[in-house]
Each structure stands twice: as structure tokens, then as C-alpha cells.
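Engineer: the sequence isn't on hand, but the structure is:
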């Protein structure tokens with residue numbers, strides 16, 4: 001299990017949580033609760049997730065990084081649990097067809113979606129069909145409808161006011177760190 005230790009903040013004050021490369025033996029997030037009510041950025045890159053079904057209600061979450069996992073469906077949970085998402089990165093997952101991303105229609109604030117290195121990107125007219133399916137999306141895989149690259153601030157979608165400096169040892173965690181979140 002990967003445990004994120006407390007540094008000085010209560011769970012409800014944590015705005016950013018990075019669990020990158022913390023391996024999940026069961027393919028799901030465990031220990032992340034709706035006590036993280038101020039969470040605006042969550043990153044679980046390369047942790048072996050197969051499901052996001054037990055994601056807690058995170059009303060303030062704006063950016064969710066789920067790249068390099070094994071997620072193949074179940075995205076309907078995002079509209080219910082993270083209704084204010086603006087940026088979603090699903091690159092490098094097992095998303096094969098447009099029907100898998102159809103539930104993202106309910107994410108009215110979604111502006112940026114990344115599906116790079118997913119099988120769905122090999123479909124004919126992939127970009128055109130995704131923009132048609134999800135008209136609220138401005139950037140797909142870092143480019144707009146006219147194939148203009150997003151500016152760094154648009155593409156990255158960092159939440160304003162959050163410190164995105166890495167630890168001195170090059171670790172994956174950003175301040176503030178949280179108690180009790182781990183992957184199993």
C-alpha cells in the first residue's frame with residue numbers, strides 16, 4: 001500500500017493529492033474519502049487502476065489525472081462524483097470505443113479531455129466524432145477543433161493557486177499531503 005502521510009493539514013483543507021506510481025493491488029482507489037472536500041486536483045497516474053467506481057464525492061475536483069492505468073469503462077461515475085471536472089486525462093488506458101466516453105456528456109464543465117494512447121484514437125474520424133459527442137470539450141489530446149495546440153495554461157489546466165513544485169528528491173507528491181489515502 002502507498003500511504004500519503006500528513007504534513008500539517010487536515011484532510012478537508014487538502015487541495016491537491018498526487019498518488020502517481022503508487023501501485024494498486026486490487027485495481028481501485030481505497031482510503032480516499034469525501035472528507036477531501038476541498039480537493040481540486042487528483043493524480044493517480046500509473047497505479048494500476050481498473051475501476052474508478054469507488055471514487056468518493058469530490059464536488060470541487062477540477063482536474064483528474066488517470067493516465068497509464070487499465071480503465072476500460074465505468075466513466076458514468078465521474079458525472080455523479082466529480083460534477084465540476086474541467087480537465088480529464090485518460091491517456092494510456094484501455095478505452096476502445098466512443099460509447100465508453102459517452103457518459104462524459106454529463107460533465108458540463110469539461111473543457112479538456114486526453115485520450116492519447118487509447119485504442120479509441122485509432123477509429124476513423126476520431127477527433128470529429130469526439131467533438132460531436134462532447135460539444136463542451138474545447139481541447140482533445142491537447143488540440144482544439146481546428147487542430148491548434150492549447151496554450152500551456154489551457155492544456156495543463158492547473159488549478160489556480162496550487163503549488164506544483166515537486167519535492168527536492170524528485171518525488172511525485174505535492175504539498176499539502178494527506179493522511180490515510182492509499183491504494184490497495
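Structural biologist: Cool, the structure landed. As the structure is a prediction and not an experimental result, all values here were calculated from the model.

Engineer: check which residues of stretch 73-92 are buried.
Structural biologist: Judged by neighbour count (16 or more other Cβ atoms under 10 Å), stretch 73-92 contains these buried residues: 73, 75, 78-79, 81-83, 85-92. No exception for glycine: its C-beta is placed from N, CA and C like everyone else's.

Engineer: ugh, typo on my part, it should be stretch 127-141
Structural biologist: Buried residues in stretch 127-141, counted by 16+ other Cβ under 10 Å: 127, 130-131, 134, 137-141.

Engineer: for stretch 61-71, same thing?
Structural biologist: So stretch 61-71, judged by 16+ other Cβ under 10 Å, has buried residues 61-69, 71.

Engineer: secondary structure, pLDDT and distance to residue 112 added to those residues, as CSV?
Structural biologist: Formatted as CSV, the buried residues of stretch 61-71 follow (DSSP: H, G, I helix; E, B strand; the rest coil; pLDDT from 0 to 100; distance: Cβ to Cβ, whole Å):
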residue, secondary structure, pLDDT, distance to residue 112
61, coil, 98, 14
62, coil, 99, 10
63, strand, 99, 9
64, strand, 98, 11
65, strand, 98, 11
66, coil, 98, 13
67, coil, 98, 13
68, coil, 98, 17
69, coil, 97, 18
71, coil, 98, 17
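
Engineer: which members of those residues are the farthest-apart pair?
Structural biologist: 62 and 68 (20.6 Å; Cβ to Cβ).

Engineer: element containing the closest residue to residue 13 other than its chain neighbours, please.
Structural biologist: Leaving aside its chain neighbours, residue 13 sits nearest to residue 38 (5.8 Å; criterion: Cβ to Cβ, 6 or more residues apart in numbering). Residue 38 belongs to no helix or strand when assigned by DSSP states H and E.

Engineer: pretty sure residue 23 sits in a helix.
Structural biologist: No: counting by DSSP: H, G, I helix; E, B strand; the rest coil, residue 23 is not found in a helix; it is coil.

Engineer: okay, now the closest residue in space to it that isn't next to it in sequence: neighbour count?
Structural biologist: In space, and not counting its chain neighbours, residue 23 is closest to residue 48: 5.5 Å by Cβ to Cβ, 6+ apart. By other Cβ atoms under 10 Å, 17 other residues sit near residue 48.

Engineer: same thing with residue 123?
Structural biologist: That count, for residue 123 with other Cβ under 10 Å as the rule, works out to 13.

Engineer: any idea how far it is from residue 140?
Structural biologist: 13 Å (Cβ to Cβ, to the nearest Å).

Engineer: how about residue 72?
Structural biologist: 19 Å.

Engineer: with residue 98 instead?
Structural biologist: In this view, residue 98 and residue 140 are 12 Å apart by Cβ to Cβ.
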